[in-house]
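Q: Pasting the sequence and the predicted model now:
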Amino acid sequence: MEMVELGRTGLKVSELCLGTMTWGSQNDEAEAHAQIDRSLEAGCNFMDTAEMYPTTPMRAETTGRTEELIGTWNARTGRRKDWVIATKITGRGNMNVRGGAGFDGTSIPQCIDASLKRLQTDYIDLYQLHWPDRGSYMFRQNWSYDPSGQSKAATLDHIHEVLRALDAAVKAGKVRHVGLSNESAWGTAQWLAVAEAEGLPRMEAIQNEYSLMCRLFDTDLAELSVNEDVTLLAFSPLACGFLTGKYQNGAVPEGSRAAINSGVGGRVNPRTFQAVDAYLDIANRHGLDPVHLALAFCRSRPFQTIPIFGATTMEQLDRALGAAGVRLSEEVLGEITAAHRAHPMPY
């Protein structure tokens, strides 16, 4: 598996990142540990989690369980250093975490300590802000996004406060690097500018949704990513399973995300299935596994991109890991461009 640099950190991470948000709900401890072992055998050394996981479904009683399962693997194997572990602090509005209060300079050190305890480690490689407290256009909110109520002064005050708290955590050795998630180009630029001006930790990565079906990153954020060396950690690169084809023709497999959340986060509409058909056709005509097509597309971008894949079965895990090293021809990439023009923003 190819190793790539994460931002400007000097850290070498695998070209595919192991997602974990089903661990503790759809996957039990033994299954989670088996996924970690199998991924490590395949050369994957990068995993992503969050204090609010699992999310399928999201329940107060399981919040934090995913980190705990990673922690029991760390404790059982003693192989913590074999992994680059990324986790995230929850933004404002999730009532299962701190009553929806979000994060600030006071809560960050407490949350870092809580994650360290659950993960059974003394450091976090990449600590991310799950979504900005001022709001985000991600999760289909782009259709009605209105930033006009934001206060630039309040945002900058918040950035200063949070970066100072993160700086203290870095200096204490509890966090190695920091990153963003569900951020905009303007927001990311502000974090970088304050960090550079004051010698505080710079945001090395941004975890946003990105796939053949969701390409909001392709313009302003792409430019920022290239010029500032901010790596995109692409979540939902398989469009929550749609790009595997398993939901075509009205199918809803038992135990799938669509069976748990019928709307799949606002992704279900006729345009979705039409777009999936186009990408499945490309994969079929070129003898490609559609999973490999989708993950390799993310790796083909002109900005540094590492797709985060998740699995609920070992078969799904092995299929995704098989995308390592797959590169798409110019012919395939040209057909993807044509399909994107024909089916822009399907959801």
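A: Received, thanks.

Q: which strands and helices sit next to the helix or strand hosting Trp186?
A: Using DSSP states H and E, Trp186 sits in helix 185-198. With contacts taken as 3 or more Cβ pairs under 8 Å, 6 or more residues apart in numbering; DSSP states H and E, helix 185-198 sits against helix 152-171, strand 175-181, strand 203-209, helix 220-228. C-beta: built from backbone N, CA, C; applies to glycine.

Q: Next, the angle from the second one to strand 203-209.
A: Looking back up the chat, that one is strand 175-181. If you take axes from the mean of the first three to the mean of the last three Cα atoms, to 10 degrees, strand 175-181 sits at 40 degrees to strand 203-209.

Q: neighbours of Ala339, just the number please.
A: 17 (other Cβ atoms under 10 Å).

Q: among the helices and strands of this protein, which has the poorest mean pLDDT?
A: helix 257-260 (a mean of 84; mean pLDDT, DSSP states H and E).

Q: got a list of contacts for that helix?
A: For helix 257-260, the external contacting residues (Cβ atoms under 8 Å, 6 or more residues apart in numbering) are 26, 56-57, 240-241, 247, 252-253, 264, 268.

Q: Let me have the residues you listed in a markdown table, extended by pLDDT, distance to Leu129 and neighbour count.
A: Formatted as a markdown table, the contacts of helix 257-260 follow (pLDDT from 0 to 100; distance: Cβ to Cβ, whole Å; neighbours: other Cβ atoms under 10 Å):
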| residue | pLDDT | distance to Leu129 | neighbour count |
| --- | --- | --- | --- |
| Gln26 | 96 | 26 | 20 |
| Thr56 | 87 | 22 | 22 |
| Pro57 | 91 | 23 | 11 |
| Cys240 | 94 | 22 | 25 |
| Gly241 | 94 | 27 | 20 |
| Tyr247 | 92 | 31 | 23 |
| Val252 | 86 | 34 | 14 |
| Pro253 | 86 | 34 | 12 |
| Val264 | 86 | 25 | 21 |
| Val268 | 89 | 29 | 17 |
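
Q: And those, which is closest to Leu180?
A: Within the contacts of helix 257-260, the smallest distance to Leu180 is 21.4 Å, found for Cys240 (Cβ to Cβ).

Q: Report the buried residues of the least confident helix or strand of the chain.
A: 257-258, 260 (16 or more other Cβ atoms under 10 Å).

Q: now for the following helix or strand past that helix, which elements pack on it?
A: As assigned by DSSP H and E, the chain's next helix or strand after helix 257-260 is helix 270-285. With contacts taken as 3+ Cβ pairs under 8 Å, 6+ apart, helix 270-285 sits against helix 290-299, helix 330-342.

Q: mean confidence score for helix 270-285?
A: For helix 270-285, mean pLDDT rounds to 97.

Q: how about that helix: buried residues?
A: 272-273, 275-276, 278-280, 282-283.

Q: per-residue pLDDT, Cys44?
A: 98.

Q: And for it, the neighbour number?
A: Residues within reach of Cys44, counting by other Cβ under 10 Å, total 25.

Q: Next: Gly173.
A: 9.

Q: Which phi and psi values does it adopt?
A: phi 80, psi 10 (degrees, to the nearest 10).

Q: Name all residues that make contact with it.
A: Residues in contact with Gly173 (Cβ under 8 Å, 6+ apart) are 122-123.

Q: Ok, Phe139 next?
A: Phe139 makes contact with 182, 209, 265-266, according to Cβ under 8 Å, 6+ apart.

Q: Show the buried residues in those.
A: 182, 209.

Q: For Asp125, which of the helices and strands packed on helix 185-198 is the nearest?
A: The closest of these to Asp125 is strand 175-181. By Cβ to Cβ, the value is 5.0 Å.

Q: and that closest one, how far out from the chain's middle?
A: 13 Å (Cα atoms, centre = their mean, to the nearest Å).

Q: Please apply the same query to stretch 182-194.
A: On Cα atoms, centre = their mean, the centre of stretch 182-194 falls 17 Å from that of its chain.

Q: residues in contact with that stretch?
A: The contact list for stretch 182-194, computed with Cβ under 8 Å, 6+ apart, reads 91, 129-132, 134, 136-139, 155-156, 159-160, 163, 180, 200, 202-203, 206-209, 220-221, 223-224, 228, 230.
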